[in-house]
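Undergrad: I'd like to go over a predicted model; first the sequence, then the structure.
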Amino acid sequence: MVKIGIYEAKKHFSHFIHRVQSGEEFIITNRGRAVAQITAPVDMRKIQATKLYSELRALIKTAPLAVSVDDLSRMKNEGRR
């Protein structure tokens, strides 16, 4: 996670929101001390994870790896615990 000062966060808020929408997370600091965190809502993270999983499956079809789709599903489910 990237740390940003409160002044910078205030000055470039919309820029950081766009970056959060693409999956980044930020810690806002005040005089070096963490005071807040900017992250996507849980639902947004699920959407991003689903999209990435779909892209990975498509990539595997074009360039097969030593990992099967069943293995990917198992790993995905293990990551939810």
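TA: Arrived safely, thanks for sending.
Undergrad: tell me where the model's unsure across this protein.
TA: Along the chain, segments meeting pLDDT under 70 span 45, 64-67, 80-81.
Undergrad: all helices of it, in order?
TA: Taking DSSP state H as the criterion, the chain contains helices spanning 6-11, 13-21, 42-62, 69-79.
Undergrad: which one, of these, ends up nearest to residue 29?
TA: Set against residue 29 and scored by C-beta to C-beta, the helices of the chain come closest in helix 6-11, at 6.7 Å. For every residue, glycine as well, the C-beta is placed using N, CA and C.
Undergrad: go through that closest one and flag the buried ones.
TA: Buried residues in helix 6-11, counting neighbours by 16 or more other C-beta atoms under 10 Å, are found at residue 9.
Undergrad: same question for stretch 38-49.
TA: 38, 40.
Undergrad: show me the one of the helices of the chain that comes nearest residue 36.
TA: Evaluated with C-beta to C-beta, these place helix 6-11 nearest to residue 36, the distance being 8.1 Å.
Undergrad: quick one: contacts of that closest one?
TA: Helix 6-11 is contacted by residues 16, 26, 28-30, 35, 38 when judged by C-beta atoms under 8 Å, 6 or more residues apart in numbering.
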